[in-house]
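>>> Provided below for reference: sequence and predicted model.
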Amino acid sequence: MSSLSLTILTPKGIVYDGDILSAYFPTTKGPLGVLPGHTPYLASLNDKGVIEVLTNEKQKHFFPVFYGAVEVKGERIFVLSEDCVMSSSLDQAKEYLEKKAPLLQKGDSLKKAQASLRSGLNK
């Protein structure tokens, strides 16, 4: 079976870099499921959500994620996010989101950059 290469990056560094069978991303346009052969795609991630990944070894990984973007290009997927970690379970990922959300909402640099970009485009 074909696989995809997934790289997840944050300002702190690489969170994940490996081959996967499939992934689900929480985007602002709705859920995005990606399998090998997916059409090229670029989307914004929700303010907070969980990326779900199935590895080639049939293991599930969960990544609580705050803001960012996902790009699907050929058999490569790139994720850029304000904050993301790898969790062993969906419950653990959701718990991380709840604990971390108030901290990021107070002074989040990505939100400020997006607002600045929008105001520059509207001039």
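Ah, there it is. Numbers count the residues shown, from 1 in each chain.
>>> host element of Pro36?
Assigned by DSSP states H and E, Pro36 belongs to no helix or strand.
>>> isn't it up against Asp19?
No - the pair Pro36 / Asp19 is not scored as a contact, 10.4 Å apart, by Cβ atoms under 8 Å. Where you see a C-beta, it was placed from the backbone N, CA and C, and this is true even at glycine.
>>> which neighbours do the two have in common?
By Cβ atoms under 8 Å, 6 or more residues apart in numbering, Pro36 and Asp19 have these common neighbours: Ser3, Leu4.
>>> contacting residues for Ser2?
Pro36, Gly37, Glu75.
>>> same thing but at 10 Å, please
When contacts are counted by Cβ atoms under 10 Å, 6 or more residues apart in numbering, Ser2 is found next to Asp19, Leu21, Leu35, Pro36, Gly37, Glu75.
>>> now the longest strand seen in the chain: buried residues?
Counting residues, the longest strand found in the chain (DSSP state E) is strand 13-27. Within strand 13-27, the residues that count as buried by 16 or more other Cβ atoms under 10 Å are Val15, Tyr16, Ile20, Leu21, Ser22, Ala23, Tyr24, Phe25, Pro26, Thr27.
>>> quick one: Val53 and Cys84 touch, right?
No - using Cβ atoms under 10 Å, Val53 is not in contact with Cys84; the gap is 11.7 Å.
>>> where along this structure do the strands fall?
Counting by DSSP E, the segments of the chain that form strands are 4-10, 13-27, 30-34, 41-44, 48-55, 60-66, 69-73, 76-80, 83-84.
>>> looking at these, which is nearest to Leu90?
Leu90 sits nearest to strand 60-66 of all these, at 5.3 Å, using Cβ to Cβ.
>>> buried set for that closest one?
So, applying 16+ other Cβ under 10 Å, buried residues of strand 60-66: His61, Phe62, Phe63, Pro64, Val65, Phe66.
>>> out of those residues, which one sits closest to Leu80?
Comparing these against Leu80 with Cβ to Cβ picks out Val65 as the nearest, at 10.1 Å.
>>> distance check, that closest one against Ile51.
Computed with Cβ to Cβ, to the nearest Å, the distance linking Val65 and Ile51 is 5 Å.
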